[in-house]
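S.K.: turn this into a structure:
(2 chains)
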Amino acid sequence: MEYIANKEVIAKHIARIFKTGDVVNLGIGLPMMVEKYISPEVNIIFQSENGIMGLGPAPVIGKEDKDLTDSSGSPATICAGGCFFDSATSFGIIRGGHIDYTVLGVLEVDQDGNLANYKMPGKLVPGMGGAMDLTIGARIVIAATLHFQPSGESRLRSHCTLPLTANQQVNLIVTDLGVFEVRDGRFHLMECFAPYNPEWIIEHTDADVIVDENCRKSI
Amino acid sequence: MILKPVISADDAACRIKEGDILMVGGFMDCGAPHTIIMALKDKETKNLTLISNDTATHNFKSGKITGVGYLVQKKMFKTIITSHIGLNQEAQRQMNTGETAFDLIPQGTLAEQVRAGGAGLGGFLTPTGVGTEVAKGKQIIYAGQRPFLLELPIKADVAIIKAKKADKAGNLQYNGTARNFNPLMATAATLVIAEAEEIVEIGEINPNDVHTPSIFIDFLVRTEQLK
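M.R.: Got it, this is the predicted structure:
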């Protein structure tokens, strides 16, 4: 079977998880793609750690406001009923358990729910930003990632080798192959995306994967 | 009410001395005190310690530099305490070569350390960073069954911050996400210099709408550079 990297399928499947009323924080990069796949019937509230409750879509060109950006520093809008606050309040909201879901990018994620995404010593060292607080505080932590690194290695591992962002905090991993739940020190395949099948996924994942008895196949 | 001196950006920059610990407000270039930053860039002040949410932008390919990125480029800092350097390639280069010491701190911990510094607290317990490199050398305290890190407050010699509006007493109002670290840093430095896009008469800001009380502010600077 030929693997073709597909970020859209990841964003689409994550978007289906949320229900009306959920408070959600999307990390920079792939996680931010989730927003455009949220169904119009689902009314969720986006929090942005730079100080917004009720983050709206990107502004149209020419309507940018220098004083209104998202957590990547890009121009943003605020929804009616939204509000602004300082960084200490923002992280009080985050650590205090008031965020339902956070979606974060991945360098490595392992079967104990450890996440590494802020540091490749000597190479790429962007820093953790708000990711450590988000993984500690959010009710459910979703890791969003292409299943494989460009080198072909699986990003899902039995043990992370890079410095950790989160120690046993990840609940769910959505890749372009399927949805995995972290439970009892193993990945449980909950959903498998066509054209891949569970046997192929197990064979190509460098970790213990169990096919859940309710594992669904989806397109 | 006591009026706060309105000084030039150059005067503000001259008040930042060799070896000072300097807090700079802003999240990327949103809410950063660009007027004072650009004046400081023209000084030869060295060995500063920077405390800032991030190091803004320095892209080698496009040549784009923003905010404190100008000060990083001039190597004004011996130490940088921050949560994110991902969009500043020069900061990453200085970290990898060891030219500048970096202390990478979770953003929520950094915000709370500044808040604690200004609020007279001896520290706080946070679950953030337990079981990661951030916990190295820090005391772990259990509250019930749960482990927390003891994080200590931080303070600065000088804070430079940015507001949308100031009155002549120094009461400040921020706009949108330009608030971020600015009201926290206003409380946590010996000398606090606020630049504002508008400086209005006392009474023109409704007391209900003041975000930073005047007593925290020592000097005002009129914003001339928005970016």
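S.K.: was I right about B:Val221 contacting B:Pro5?
M.R.: No: with contacts counted by Cβ atoms under 8 Å, B:Val221 stays clear of B:Pro5, the gap being 9.8 Å. Placement of C-beta: from N, CA and C, glycine included.
S.K.: more neighbours: those two, which one.
M.R.: Each of B:Val221 and B:Pro5 has its neighbours counted (other Cβ atoms under 10 Å in any protein chain shown); B:Val221 has more, 26 against 11.
S.K.: give me every residue that touches the more buried one.
M.R.: B:6-9, B:12, B:33, B:35-36, B:193-196 (Cβ atoms under 8 Å, 6 or more residues apart in numbering or on different chains).
S.K.: got a pLDDT number for the residue lying closest to it once chain neighbours are set aside?
M.R.: In this structure, B:Val221 finds its nearest non-sequential neighbour in B:Glu195, 4.0 Å apart by Cβ to Cβ, 6 or more residues apart in numbering or on different chains. B:Glu195 is assigned a pLDDT of 98 by the prediction.
S.K.: ok, B:Lys168 next?
M.R.: According to the model's per-residue confidence, B:Lys168 sits at a pLDDT of 98.
S.K.: quick one, phi/psi of it?
M.R.: With angles defined as degrees, to the nearest 10, B:Lys168 shows backbone torsions of phi -70, psi -10.
S.K.: scan chain B for its longest helix.
M.R.: In terms of residue count, the longest helix belonging to chain B (DSSP state H) is helix B:107-119.
S.K.: what is it packed up against?
M.R.: Contact analysis of helix B:107-119 by 3 or more Cβ pairs under 8 Å, 6 or more residues apart in numbering or on different chains; DSSP states H and E lists helix A:87-95, helix A:131-137, strand B:124-126, strand B:146-151, helix B:182-185 as its packing neighbours.
S.K.: B:Gln73 is nearest to which of those?
M.R.: Using Cβ to Cβ as the criterion, the shortest distance between B:Gln73 and the helices and strands packed on helix B:107-119 is 22.0 Å, found for helix B:182-185.
S.K.: against which helices or strands is that closest one packed?
M.R.: If you count contacts as 3+ Cβ pairs under 8 Å, 6+ apart, helix B:182-185 packs onto helix B:107-119, strand B:156-167.
S.K.: mind putting these into JSON lines with distance to A:Val106 and mean neighbour count?
M.R.: Output for the helices and strands packed on helix B:182-185, formatted as JSON lines (distance: least, Cβ to Cβ, whole Å; neighbours: other Cβ atoms under 10 Å in any protein chain shown):
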{"stretch": "helix B:107-119", "distance to A:Val106": "19", "mean neighbour count": "25"}
{"stretch": "strand B:156-167", "distance to A:Val106": "34", "mean neighbour count": "26"}
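S.K.: just send the ones you listed back as TSV, with distance to A:Val34 too.
M.R.: Compiled in TSV, the helices and strands packed on helix B:182-185 are given as follows (distance: least, Cβ to Cβ, whole Å):
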stretch	distance to A:Val34
helix B:107-119	21
strand B:156-167	32
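S.K.: hmm, back to that, contacts only, for the residue nearest to B:Val221.
M.R.: Listed by Cβ under 8 Å, 6+ apart, the contact partners of B:Glu195 are B:9, B:12, B:33-36, B:160-163, B:220-223.
S.K.: 7 Å - rerun?
M.R.: With contacts defined as Cβ atoms under 7 Å, 6 or more residues apart in numbering or on different chains, the neighbours of B:Glu195 are B:33, B:35-36, B:162, B:221-223.
S.K.: wait, is it part of a strand?
M.R.: Yes: the assignment for B:Glu195 is a strand, going by DSSP: H, G, I helix; E, B strand; the rest coil.
S.K.: how much space between it and B:Lys164?
M.R.: 11 Å (Cβ to Cβ, to the nearest Å).
S.K.: try B:Glu198
M.R.: Computed with Cβ to Cβ, the distance linking B:Glu198 and B:Lys164 is 7 Å.
S.K.: and chain B, which of its residues are near chain A?
M.R.: B:27-28, B:30-31, B:53, B:82-86, B:92, B:95-96, B:104, B:106-108, B:111-112, B:115, B:126-134, B:175-181, B:183-184, B:226 (Cβ under 7 Å from any Cβ of the partner chain).
S.K.: buried among those? Make that a PyMOL selection.
M.R.: Selecting only the buried members of the residues of chain B next to chain A in PyMOL, with burial defined as 16 or more other Cβ atoms under 10 Å in any protein chain shown, works like this:
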select buried, chain B and resi 27+28+30+31+53+82+83+84+85+86+92+95+104+106+107+108+111+112+115+126+127+128+129+130+131+132+134+175+176+177+178+179+180+181+183+184
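S.K.: out of the residues of chain B next to chain A, which sit inside strands?
M.R.: With strands defined by DSSP state E, the entries of these inside them are B:82, B:104, B:126.
S.K.: for residue 41, give me phi and psi.
M.R.: I went with chain A, as the question did not name one. Main-chain torsions, A:Glu41, degrees, to the nearest 10: phi -80, psi -20.
S.K.: that's the other chain; I wanted chain B
M.R.: Backbone geometry at B:Lys41, expressed as degrees, to the nearest 10, gives phi -60, psi -30.
S.K.: helix or strand for the residue lying closest to it once chain neighbours are set aside, which one?
M.R.: Using Cβ to Cβ, 6+ apart and skipping the chain neighbours, the partner closest in space to B:Lys41 is B:Tyr70 (4.5 Å). Using DSSP states H and E, B:Tyr70 falls within helix B:69-73.
S.K.: got the buried residues for that helix?
M.R.: Neighbour-count burial for helix B:69-73 [16+ other Cβ under 10 Å]: B:69-72.
S.K.: partners of the closest residue to B:Ala189 other than its chain neighbours in the sheet?
M.R.: Computed as Cβ to Cβ, 6+ apart, the closest residue to B:Ala189 that is not its neighbour in sequence is B:Ala159, at 3.5 Å. According to DSSP bridges, the partner residues bridging B:Ala159 are B:Met23, B:Val192.
S.K.: how much space separates B:Ala159 from chain A?
M.R.: For B:Ala159, the distance to chain A under the criterion Cβ to the nearest Cβ, to the nearest Å works out to 14 Å.
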